[in-house]
Structure formats: C-alpha cells, structure tokens
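J.: Generate coordinates for the sequence data below:
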Amino acid sequence: MRRRNFYATIACGILPLFLVAHGADATLDLAAVRRAEKYSAEHRGLSLLVMQNGKSLLEEYHRKANAGTPQRIYSGTKAFWNLAALAAADDGILDLDARVADTIAAWRKDARKSQITIRQLLDFSCGLAPAFELQVNEYGNRDKTALRLPAVAAPGKAFIYGPSALQVFHQVLKEKLTKQTPTEYLERRVLRRMKLGPQRYLDDRAGNPLLAAGFMMTAQQWARMGQLVLDKGKPVVRPETLAQSWRGSPANRAFSLGWWNNRAAPGGREFDFEEMLAPRWSGQNWTDACLCRDAPSDLVACIGSGYQRLYVIPSLDLIVVRQGNGGKFSDSHFLRLLLAK
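T.: Next comes the predicted model:
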C-alpha cells in the first residue's frame, strides 16, 4: 500500500526545473522531489519525508511502513547520545577536551590511552580497537570490555568507527553523574525537550545501553533532530555548542559527534560512505570525503545501516528523512535528483 501527501502546490501546473530562489527562501521543485522519492522507493525505501521552510513537501510510505510505525535508525542513534554529551558540556558536567584518564584511573598508566580525550571518543579518533562484537544482544558488560580494549592507533591519528569508544564514553558519563544514570540524563535533558519518549536501548546484562545503535523512530520523530539542527541546538544546547558537530576531526574531516558533513564539496571525493566503513579501519580512506559534490557544503547527515538517512541543509531550510530496508542506495544520486542537479 502507498500513501501520498503533497502539501505544496504549483500554480497552473508549471513545475520549474530548478530552485526558484536562493538561500533560506529557496523552494524545491516538486517534480524533482517526486523523482527522488521514486528512486528511493525503487531501492527498497520504506519512507521518505521532505520538509522545507517548516512545511511538508512530501510524506510517503511503502510496504508495511506507515506514519505511526517506528523503524530502526541504527547508527542514527549515535547523534542522540552525542547530543547528550554536548548537553553535559553545557551543564558543566563534562569537558570534552579533558582526558578520559582523569575519570578512568585504569587508563592512566597506558601510554596511549592516558592521552585520549572525551572528544576523541565521540569522534572515533581515539585509536581504540572497534570491537563490533559489543553490538551483540545480551552482551555481558559492554563498558567493562571496552575499557580493557587496546589502543591500536595513536590518539587523534586514525578514524576507527565502532561501538567501543562510545561505551567508554558511557562509563565516563556514568561516573560524572551522581544522581541519575546516563539513560535517565539522556531522557530528561535531551529526549523530553525534543518531545520524544524513552527509546529501545538494547541493554546488556549489566544494564549498559548500546550507544552505537538501537533507537527506533518514525520519519516524523527523526525529523525532530533535523529541526533541532535548523534551530541551532534549541531547545537542548547552545548554538556554539552544537556547531562543534560540523567541524570534523583531524582523522576524518567528514565526521564528528555523530554527524557526517559535506564540507569538502564541491571539490571533494564522492563515494558510498557505508561501503567505505565495511573494510578494516586501516584500509579506509576518508581524505576529502563528501556525500555529494553537487549538494551544498553545509549539508549534514545522520547515517544508519541499510541506508537510513537524515539529511539537513540549513541554507535551504531543508530536512529529509529516508528510511530503507537494505538494498543499494546512492546518497549522491538521490541528492542530485532531489535538488534537480
């Protein structure tokens, strides 16, 4: 079953083949939006929500998906926990540039681990072994295992994407909070302010949530994260605090604090980010990476496995949520269709 809701109309049925204005007042061509939706659907898309200037241009669902059915956002979960980290920084609970060893005493005698900062954990530039096995359901104690992992690269020198760094962050936040758990802090300080309820945390047997994945959301719910970006962090963090998410790290300029960016456009290297994450970390190359050379350089995205996507383009006041069921999907091709490039 398919449901179509197009809230914007074009006078006299004339559809321009370009954006009709520039900057925040630019309006997407609805014919281009429909072509992008068709491409998404043909590549096992479950839902597509396109919002611009606070209005819905298109909201469509396929197969078993519907507006009220949450779907897995996989690594989209990371941005919410990173937002909790930024909130904790605003609250004076954390200094993101402080060394983890200031809190985790067991790291102080390790030459590499003693130099790792909290920010490097969140940017996946800490050098810690990724330990993808931590994502197994009903794991014993993820935090304890993560703390014991070796640093396989010098801090700040390599991008190593995996769940271990975030589990160490969870332990740090746990020790910094005195009257609540990290999950309680996330819910009170972040989710409630975004008008979202408790999520699926995939707790291990010791009660530690999996920070790398787990959340399930409808397209409309996930779009609230996009609106937070357009609102420059409100109602959760200060604008200058959220802005740290777009600068990348020396190890990977295209990623920081749960978000991928397009800052290398228009001259960057365009490729499938999910495919690049598949090989071992030492075989990955993130130099000058961008999602789409023809998309604005202020494009930022949350990326989840199976081509779950939240795109935000502040210069166009645009939020796009794309949820899928596996299949092959191209960010660059989809964005060119959407933006009529």
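J.: the strands in the stretch 151-300 of the chain, which residues?
T.: For the stretch 151-300 of the chain, the strands defined by DSSP state E, counting those that start in this stretch cover 216-217, 255-256, 259-261, 269-270, 289-290, 300-304.
J.: Oh, that last question was meant for the stretch 1-150 of the chain, not what I typed.
T.: With DSSP E, counting those that start in this stretch, the ranges of strands along the stretch 1-150 of the chain come out as 3-5, 45-52, 55-61, 71-72.
J.: can you list these in TSV and add distance to Lys78, mean neighbour count and mean pLDDT?
T.: Using the backbone N, CA and C atoms, a C-beta is placed for each residue, glycine as well. Conversion of the strands of the stretch 1-150 of the chain to TSV gives the following (distance: least, C-beta to C-beta, whole Å; neighbours: other C-beta atoms under 10 Å; pLDDT from 0 to 100):
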stretch	distance to Lys78	mean neighbour count	mean pLDDT
strand 3-5	30	11	37
strand 45-52	20	24	97
strand 55-61	25	20	97
strand 71-72	13	21	96
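J.: do you know which of the ones you listed lies nearest Ile313?
T.: Ile313 lies closest to strand 45-52 among those, at 9.1 Å (C-beta to C-beta).
J.: That closest one pairs with which strands, parallel or anti?
T.: strand 55-61 (antiparallel), strand 318-324 (antiparallel) (DSSP bridges).
J.: what separates that strand from the chain centre, distance-wise?
T.: Centroid separation for strand 45-52 versus its chain: 16 Å, with C-alpha atoms, centre = their mean, to the nearest Å.
J.: Can we start the residue count at 11 from this point?
T.: Understood, numbering begins at 11; the last thing we discussed is strand 55-62.
J.: now Thr191: how far from Val331?
T.: 29 Å (C-beta to C-beta, to the nearest Å).
J.: Counting neighbours, which bits of stretch 315-326 end up buried?
T.: 316-324, 326 (16 or more other C-beta atoms under 10 Å).
J.: I'd like those laid out as JSON lines, including secondary structure and pLDDT.
T.: Below are the buried residues of stretch 315-326 laid out as JSON lines (DSSP: H, G, I helix; E, B strand; the rest coil; pLDDT from 0 to 100):
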{"residue": "Gly316", "secondary structure": "coil", "pLDDT": "95"}
{"residue": "Tyr317", "secondary structure": "coil", "pLDDT": "97"}
{"residue": "Gln318", "secondary structure": "strand", "pLDDT": "98"}
{"residue": "Arg319", "secondary structure": "strand", "pLDDT": "98"}
{"residue": "Leu320", "secondary structure": "strand", "pLDDT": "99"}
{"residue": "Tyr321", "secondary structure": "strand", "pLDDT": "99"}
{"residue": "Val322", "secondary structure": "strand", "pLDDT": "98"}
{"residue": "Ile323", "secondary structure": "strand", "pLDDT": "98"}
{"residue": "Pro324", "secondary structure": "helix", "pLDDT": "98"}
{"residue": "Leu326", "secondary structure": "helix", "pLDDT": "98"}
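J.: where does Gly336 land on pLDDT?
T.: For Gly336, the model assigns a pLDDT of 88.
J.: which ones are touching it?
T.: 54, 316-317 (C-beta atoms under 8 Å, 6 or more residues apart in numbering).
J.: re the thing from before, can I get the strands of the stretch 161-310 of the chain in a markdown table including mean pLDDT and distance to Phe142?
T.: Below are those laid out as a markdown table (pLDDT from 0 to 100; distance: least, C-beta to C-beta, whole Å):
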| stretch | mean pLDDT | distance to Phe142 |
| --- | --- | --- |
| strand 226-227 | 98 | 21 |
| strand 265-266 | 98 | 17 |
| strand 269-271 | 98 | 19 |
| strand 279-280 | 97 | 25 |
| strand 299-300 | 98 | 21 |
| strand 310-314 | 98 | 15 |
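J.: Any chance of those strands in TSV with mean neighbour count as columns?
T.: TSV is the format used below for the strands of the stretch 161-310 of the chain (neighbours: other C-beta atoms under 10 Å):
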stretch	mean neighbour count
strand 226-227	20
strand 265-266	22
strand 269-271	24
strand 279-280	17
strand 299-300	25
strand 310-314	24
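J.: Helix or strand with the lowest mean pLDDT in this protein?
T.: strand 13-15 (a mean of 37; mean pLDDT, DSSP states H and E).
J.: Could I get the contacting residues of the residue nearest to Asp304 when sequence neighbours are not counted?
T.: Closest residue in space to Asp304, ignoring its immediate chain neighbours: Lys351 at 4.1 Å, by C-beta to C-beta, 6 or more residues apart in numbering. By C-beta under 8 Å, 6+ apart, the contact set of Lys351 is 304-305, 345.
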